[in-house]
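**Q** predicted coordinates and the sequence they were generated for:
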Amino acid sequence: MPELPEVETVRRGLAASVTGRTISAVTVAHPRAIRRHLAGATDFAARLAGRRIQRVCRRGKYLWLPVDGDDVLVAHLGMSGQLLVRFPEAADEGHLRVRFVFADAGTQLRFVDQRTFGSMAVEPAGADGLPPSIAHIAIDPLDPEFDDQAFYALLRRRRTGVKRALLDQTLVSGIGNIYADEALWRAQLHYAHPAETLTRQRAARLLGELRAVLTAALTSGGTSFDSVYVNVNGHSGYFDRSLEVYGRAGKPCRRCGTAILREAFTNRSSYRCPYCQPAGS
DNA sequence: CTATGAACCTGACAGC
DNA sequence: TGCTGTCAGGTTCATA
C-alpha cells in the first residue's frame, strides 16, 4: 500500500491489534518477501520468536515495530503489500508471504503481497530508535518534528522539477504519484516548475496543500481503486471519490471545467489541468 | 548532483 | 476464446 495516508491507516490498525502481543512463530512462505533480511528466513523467524511487539511506528511509507530486546521489524509495502489481521481458520490468501502467529491472541498477522515489491527485515535499532536501513528517509510532512523552513531551503537547492523533488523520499517522505499530483493541482503548480525558483510563498502554499490532502485522505482511510489497498481488516478507503486530478484524464477539472491531461512522467503518468496548471506555472 | 531507463513481479483490462 | 500490449499508490541501481 503506497502512500502516507494508506500506510498510516495500516499503522493505526496494527497499533490497535498487535501492540503488546508476543510472537510465537513466524513462517516465511516466499523468500523474496524478506530479501532485505540478508541472513535469510530461518534467522528472520528466530529473531522474532518469543519477542513482544512494543509499538508500531511509521516514517513516510515505512513501518517498523520495535520488539523486546533492541531489534525492530521493518516493513515496506511496496506497490501491493498488505498487512492483515486474520483468524487462523481464515483461508490463506493467494499471495500470503509471511505469517506471524501470536502466543497471546486469537488472530494472526499476515503479510500478503501480490507483486512482491514490498519486503520485511529484522535489524537492531539505531541509537535514535530508528531502523538504520531507513536512516536515509526524510521526515514526513505530518510529523510534528517536520521543519518547514528547512524544507523550503532544501527544496530550492534542488535543480529539478517540483514533482520530482516531492517524490524524492530523501527530501520529504510519504508522497507518491497520487498525492503529488493532487497537491500540485491544489497549489496550481505545473509538475516541471523548477524547484529552485519557487518563492517561499508558493513553497509554503504547496506544503500546506500537501498536508491538507494527506490529512483529508487519512480521514477517509486512504485511496483505493480496487481491493489491493486495504487496511488490516481488508477494507478499502474511499478517498478515490475525492481525487481532483489523479486518474481523471479527459474529465472536466473541478475548478475550471477544462479536460484533465495525462502525460508521461518518469515511466509513469502525471495528471494536471492545462488551464489551472499551464507550463511555466 | 541530476536524469533517464530498466529492473524487480503479478494481474487486470483493452483491443484485435 | 485467446493473444498481445499497456498499465498500476514504489524503490533501487546502473548508465549518461
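**A** That came through, no problem.
**Q** contacts, neighbours, all on C-alpha from now
**A** Fine.
**Q** which positions in chain A make contact with DNA strand B?
**A** Contact residues, chain A versus DNA strand B (CA under 7 Å from any atom of the strand): A:32, A:114-117, A:157-161, A:164, A:266-267.
**Q** so residue A:233 touches residue A:82, yeah?
**A** No: Residue A:233 is beyond contact range of residue A:82, at 10.0 Å (criterion: CA atoms under 8 Å).
**Q** just the buried ones from the residues of chain A next to DNA strand B, in ChimeraX syntax?
**A** Restricted to buried positions by 16 or more other CA atoms under 10 Å, the ChimeraX selection for the residues of chain A next to DNA strand B reads:
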select /A:32,114,116,158,161,164
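**Q** measure the residue nearest to residue A:113 when sequence neighbours are not counted to residue A:25 for me?
**A** Closest residue to residue A:113 apart from its sequence neighbours, by CA to CA, 6 or more residues apart in numbering: residue A:81 at 4.2 Å. Here residue A:81 is placed at a distance of 21 Å from residue A:25 (CA to CA, to the nearest Å).
**Q** whichever residue of the stretch 151-281 of chain A sits closest to DNA strand C and residue A:13: what is the separation?
**A** For the stretch 151-281 of chain A, the residue closest to DNA strand C is residue A:176, as judged by CA to the nearest atom of the strand, at 3.0 Å. Note on residue A:176: its distance to residue A:13, by CA to CA, is 21 Å.
**Q** thinking again about what came up before, okay, residue A:233 and residue A:82: which has more neighbours?
**A** Neighbour count, other CA atoms under 10 Å: between residue A:233 and residue A:82, residue A:82 has more, with 29 against 14.
**Q** so in terms of bridging, what pairs with the more buried one?
**A** Beta-bridge partners for residue A:82, by DSSP bridges, are residue A:112.
**Q** could you pull out the helices for the stretch 151-281 of chain A?
**A** Assigned by DSSP state H, counting those that start in this stretch, the stretch 151-281 of chain A shows helices spanning A:162-167, A:177-187, A:200-219.
**Q** with mean pLDDT added, can I get these in CSV?
**A** CSV is the format used below for the helices of the stretch 151-281 of chain A (pLDDT from 0 to 100):
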stretch, mean pLDDT
helix A:162-167, 97
helix A:177-187, 97
helix A:200-219, 97
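**Q** output these as JSON lines; include the columns distance to residue A:259.
**A** Listed next are those as JSON lines, based on distance: least, CA to CA, whole Å:
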{"stretch": "helix A:162-167", "distance to residue A:259": "21"}
{"stretch": "helix A:177-187", "distance to residue A:259": "13"}
{"stretch": "helix A:200-219", "distance to residue A:259": "22"}
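**Q** for these, which one sits closest to residue A:51?
**A** helix A:200-219 (30.4 Å; CA to CA).
**Q** can you give me the buried ones in that closest one?
**A** In helix A:200-219, counting by 16+ other CA under 10 Å, buried: A:203-211, A:213-215, A:217-218.
**Q** what is it packed up against?
**A** When contacts are defined as 3 or more CA pairs under 8 Å, 6 or more residues apart in numbering; DSSP states H and E, helix A:200-219 packs onto helix A:4-18, helix A:148-157, helix A:177-187.
**Q** backbone phi and psi for residue A:96, please?
**A** Main-chain dihedrals, residue A:96, degrees, to the nearest 10: phi -60, psi 130.
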